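K.L.:
kindly generate the corresponding structure for this input.
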Amino acid sequence: MDLQESVEEMARVLGASATLEDRAFGLLAYAAQSGDIDEVRQESILRRRATDEVRAYFEGYGIATAPGPVRIPADAELGVLARVCVPLRRARVTYGYLWLLDSGAITDDRLAEVAPLVARAAATIAQEARGRADLGRPLRELLSADPERRAGALAVLDLRALGLTGPVTAVAVRGTRDTVAALWTLPRGVLAQPGDPVALLAPAHQASEVAARVQEMYGTAAGTGGPRHDPGEAWRSWREARQALSVAERVTAFAPVASWPELGVYRMLARLPEDDLRELAAEAAVLLAHPELAHTVEIYLDRGGHAQEAAATLGVHRQTLYYRLAKAERLAAADLADGETRLRLHLALKAHRMARRP
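P.N.:
Predicted structure coming up:
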C-alpha cells in the first residue's frame, strides 16, 4: 500500500478529510474531500506546500517533537478549522505529518483504529529517507577531488539504474533543519546527501528545477555547477556549485539560486580567499566611502561605458551621470577613460560585494 492509498484508507475509516505532508509541509498525498475545507488545506493542495506563515503557526503547537497526536483548535480570525496533527515518527525522527480536519468526532479511540496505517506511512517515508542516505555516502566520495575515492564511488553506484544516464550537474544548498528528513521527496535520478552544504547530483536538464525546489522549500540559498557528461568529472561541477552558492549568499542579483555558467566575472572572484577579496576591494576604498558614487561607477562600467544606458539604469539625467563620474574620478584620482583603470575599479567593486559575509 503506497502513501496515497494509506491516506485514502485513513480518511475512509475516520470519515474525515486527510492530508499527508513531509517535514517541510510539502504535500505528499491527500484524500478525496470529505466535509468542510478551510483556506489552509485548500492552499496546501493547490500550491503543493504550505506557506512559511502556516508552518510557523502550526509548529508553534510543538508538532515537530510531539510523540503523539496534537489537537489544534479552530481559529476563526485566521480561517483555520479544528484539526488533528499526527506526526509521522520513526526512531524519534519526524518525517512528516498527517492532518485530519476534526469536527469533534475524531476521538483517541478512533485514532487508534488507523494507528497501523500511520505506522506504515511513517515506515515508508523513513525507508525512503534511509535509502537516500545510503546513496548519499558514496555521493560524497564521487564528488571528492581524490581520484581514488571517486573511482571507489563509481564502483558502488549504479548510476544508470538510479536514473542518471546523461549529463549530470551538481547542486549545493545551504540547508535548514528540515532538509535531512525531506530530501527523500526529490525525483528519481537525483542523489542527495545532507551536510553543510547539502550535496545533490541531478540530471543536467533537471538541475535548475531541483535547486529551486530544494532552496524554496528546505534551504536558504543554492548554487548549481556546470553540466558534465562524464560522472567521473562531477566533482568539478560540485566545486562550481559551492562557489556559485557563495555568490548567491553574497550578491543580491544572483540570489537565491545562482547558476555557475551565468556568473560572469564572479566565476573568478568566487575562487579567491576572503583576504584576497578584501585586498582587491580596497582598491576602490575611496569610492566605497561614497556609496552613491561607487554605485554609479559600477553601473557605468557594467554597461561598458555607455552613458545613455547607465543613466537610464540609474534613473538619472545624463548630465547628472557625467557630474557623478567626474566627481568619482577626482576622489579616486583615476581616469575612467583608461582601460586598465576601468578594469581595476570594476573588479574592486565586484570584489567588495563578494567580500561581504553571508
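K.L.:
ranges for the strands of the stretch 101-250 of the chain?
P.N.:
Secondary structure of the stretch 101-250 of the chain by DSSP state E, counting those that start in this stretch: the strands cover 168-175, 191-193, 198-203, 219-224.
K.L.:
to Glu77, which of those strands lies closest?
P.N.:
Distance to Glu77, taken as C-beta to C-beta, is lowest for strand 219-224 among these, at 30.5 Å. Where C-beta positions appear, they are placed from N, C-alpha and C, glycine not excepted.
K.L.:
elements contacting the closest one?
P.N.:
If contacts are counted by 3 or more C-beta pairs under 8 Å, 6 or more residues apart in numbering; DSSP states H and E, strand 219-224 sits against strand 168-175, helix 207-218, helix 234-250, strand 257-259.
K.L.:
which one of the ones you listed is the most hemmed in?
P.N.:
Of all the helices and strands packed on strand 219-224, strand 168-175 has the most neighbours on average by mean count of other C-beta atoms under 10 Å, namely a mean of 28.
K.L.:
one step back: in TSV: the helices and strands packed on strand 219-224, plus distance to Ala123.
P.N.:
As requested, the helices and strands packed on strand 219-224 are arranged in TSV below (distance: least, C-beta to C-beta, whole Å):
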stretch	distance to Ala123
strand 168-175	24
helix 207-218	22
helix 234-250	32
strand 257-259	33
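K.L.:
got these as TSV, with distance to Gln127 and mean pLDDT columns?
P.N.:
Rendered in TSV, the data for these read as follows (distance: least, C-beta to C-beta, whole Å; pLDDT from 0 to 100):
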stretch	distance to Gln127	mean pLDDT
strand 168-175	22	92
helix 207-218	20	85
helix 234-250	26	97
strand 257-259	30	97
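K.L.:
what's the closest of the ones you listed to Gly315?
P.N.:
Distance to Gly315, taken as C-beta to C-beta, is lowest for helix 234-250 among the helices and strands packed on strand 219-224, at 25.0 Å.
K.L.:
the closest one vs strand 219-224, what angle?
P.N.:
Between the axes of helix 234-250 and strand 219-224, defined by axes from the mean of the first three to the mean of the last three C-alpha atoms, to 10 degrees, the angle is 130 degrees.
K.L.:
which helices and strands does helix 234-250 pack with?
P.N.:
Taking 3+ C-beta pairs under 8 Å, 6+ apart as the contact cut, helix 234-250 packs with strand 168-175, strand 198-203, strand 219-224, strand 257-259, helix 339-355.
K.L.:
just to revisit the earlier point, so for Ser6, which of the helices and strands packed on strand 219-224 sits nearest?
P.N.:
Distance to Ser6, taken as C-beta to C-beta, is lowest for helix 207-218 among these, at 22.3 Å.
K.L.:
what angle do the closest one and strand 168-175 make?
P.N.:
With the same axes, to 10 degrees as the criterion, the two stretches helix 207-218 and strand 168-175 enclose an angle of 20 degrees.
K.L.:
could you check the angle helix 207-218 makes with strand 198-203?
P.N.:
The directions of helix 207-218 and strand 198-203 differ by 150 degrees, with the same axes, to 10 degrees as the criterion.
K.L.:
how far does helix 207-218 sit from its chain's centre?
P.N.:
5 Å (C-alpha atoms, centre = their mean, to the nearest Å).
K.L.:
where in this structure is pLDDT low?
P.N.:
1, 32-52, 129-136, 176-185, 219, 357-358 (pLDDT under 70).
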